[in-house]
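Colleague: After the sequence you'll find the predicted model.
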Number of protein chains: 2
Amino acid sequence: MYIKIMNISALQHTLATIAEPNRFNIIELLKKGPRSVGEIVQTLGISQPHASRHLRILSEAGLVRSRSKAQQRIYSLEATPFQELDEWFDSFSILWEERLDQFEDYMLDYHNKEGL
Amino acid sequence: MYIKIMNISALQHTLATIAEPNRFNIIELLKKGPRSVGEIVQTLGISQPHASRHLRILSEAGLVRSRSKAQQRIYSLEATPFQELDEWFDSFSILWEERLDQFEDYMLDYHNKEGL
DNA sequence: TCTTAATATACATTGACATGTATATATACT
DNA sequence: AGTATATATACATGTCAATGTATATTAAGA
């Protein structure tokens, strides 16, 4: 067993990017597979500039990438940031694995013994 | 194998709550164990009203709970919302499991056959 | 009950970001 | 080259939420 070092500020940025509702919906859609901007606009019922803008933000955050197909831009999800967040949330599994109360009692004891 | 039904709007709300940097830091701290408001204030170097306000937001989102200990309020993490997000991010594992390119090719084919 | 400690709330201000509208760019087709 | 389609960018506006300051509440101790 080893401790995984994570880039906290990167995680924060990724989280903030995903948290916006329209971008969340775009991500949920792209999870089904690559989509063009037009398809995203139609499916989600948002304006085209609005979609492009959010896709830009997603792209700059490294969450999606695009390839050209004639005039179309086909967007798809990047694996890495989702993988990192998946690992980060795994680190909370101590909250629900084993017996929660035992864990909390342990932490309280540990904490009190430390003083502060 | 079954399909897990998730409450999307709850996930969004949880994500938005976690995404704020101070709350993210509070969560990272509480992952180590329960902490009083004063400890949180000292450790994170934020103002006391500021901490209380973020703790209230975290509490209303169901991410933390508090118990009284004299004048102190001891905050600790709730497992459920983190468990739900952990499961949600698991659903992205298709992005990095197996061969990504194969998956993408498959999705593109599938997508094109569907028309739009 | 008065004082101190710990935390919560109220309120005003500011700043960031989502949204709408207009326009620019890129590519294909005739 | 001119037109149509698809997408991106610019800019102005409005809104929400974080922050700071002051004050209220809760609990303990003398």
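Modeller: Sure, I can see it.
Colleague: part of a helix, is A:Asn25?
Modeller: Yes - if the criterion is DSSP: H, G, I helix; E, B strand; the rest coil, then A:Asn25 is within a helix.
Colleague: what's it in contact with, if anything?
Modeller: A:Leu44 (C-beta atoms under 8 Å, 6 or more residues apart in numbering or on different chains). For every residue, glycine as well, the C-beta is placed using N, CA and C.
Colleague: gap between it and DNA strand C?
Modeller: Applying C-beta to the nearest atom of the strand, to the nearest Å, the value for A:Asn25 to DNA strand C is 10 Å.
Colleague: Just checking: what are the partner strands of the helix or strand where A:Tyr75 lies?
Modeller: Per DSSP states H and E: A:Tyr75 is located in strand A:72-77. Pairing partners of strand A:72-77, with direction, according to DSSP bridges: strand A:35-36 (antiparallel), strand A:64-69 (antiparallel).
Colleague: Run the chain-centre distance for that strand.
Modeller: With C-alpha atoms, centre = their mean, to the nearest Å as the basis, strand A:72-77 stands 18 Å off its chain's centre.
Colleague: Which residues does the next helix or strand after it contact?
Modeller: Where DSSP H and E defines the elements, the next helix or strand beyond strand A:72-77 is helix A:79-90. With contact meaning C-beta under 8 Å, 6+ apart, helix A:79-90 is reached by A:4, A:6-7, A:10-11, A:14-15, A:18, A:61-63, B:82, B:85-86, B:89-90, B:92-93, B:95-96, B:100.
Colleague: Report the buried members of the residues you listed.
Modeller: Buried subset of the contacts of helix A:79-90 (neighbour count, 16 or more other C-beta atoms under 10 Å in any protein chain shown): A:11, A:14-15, A:18, A:61, A:63, B:82, B:85-86, B:89, B:92, B:95.
Colleague: hmm, which two among those are most spread apart?
Modeller: Across the buried ones among the contacts of helix A:79-90, the longest distance by C-beta to C-beta is 21.9 Å; it joins A:Ala61 and B:Phe82.
Colleague: can I get the strands paired with strand A:72-77 in a markdown table with distance to A:Ser52?
Modeller: Below are those laid out as a markdown table (distance: least, C-beta to C-beta, whole Å):
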| stretch | distance to A:Ser52 |
| --- | --- |
| strand A:35-36 | 11 |
| strand A:64-69 | 10 |
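Colleague: closest to DNA strand D out of those?
Modeller: strand A:35-36 (3.4 Å; C-beta to the nearest atom of the strand).
Colleague: Say whether DNA strand C is contacted by that closest one.
Modeller: No - interface with DNA strand C: strand A:35-36 contributes nothing (C-beta under 7 Å from any atom of the strand), its closest point being 12.9 Å away.
Colleague: Work out the gap between that strand and the centre of the chain.
Modeller: From the chain centre to the centre of strand A:35-36 is a distance of 20 Å (C-alpha atoms, centre = their mean).
Colleague: who touches that strand?
Modeller: Here strand A:35-36 has contacts from A:29, A:43, A:69, A:72-76, B:111, using C-beta under 8 Å, 6+ apart.
Colleague: now those as JSON lines including distance to DNA strand C?
Modeller: Below are those laid out as JSON lines (distance: C-beta to the nearest atom of the strand, whole Å):
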{"residue": "A:Leu29", "distance to DNA strand C": "15"}
{"residue": "A:Thr43", "distance to DNA strand C": "15"}
{"residue": "A:Lys69", "distance to DNA strand C": "8"}
{"residue": "A:Gln72", "distance to DNA strand C": "9"}
{"residue": "A:Arg73", "distance to DNA strand C": "9"}
{"residue": "A:Ile74", "distance to DNA strand C": "13"}
{"residue": "A:Tyr75", "distance to DNA strand C": "16"}
{"residue": "A:Ser76", "distance to DNA strand C": "18"}
{"residue": "B:His111", "distance to DNA strand C": "19"}
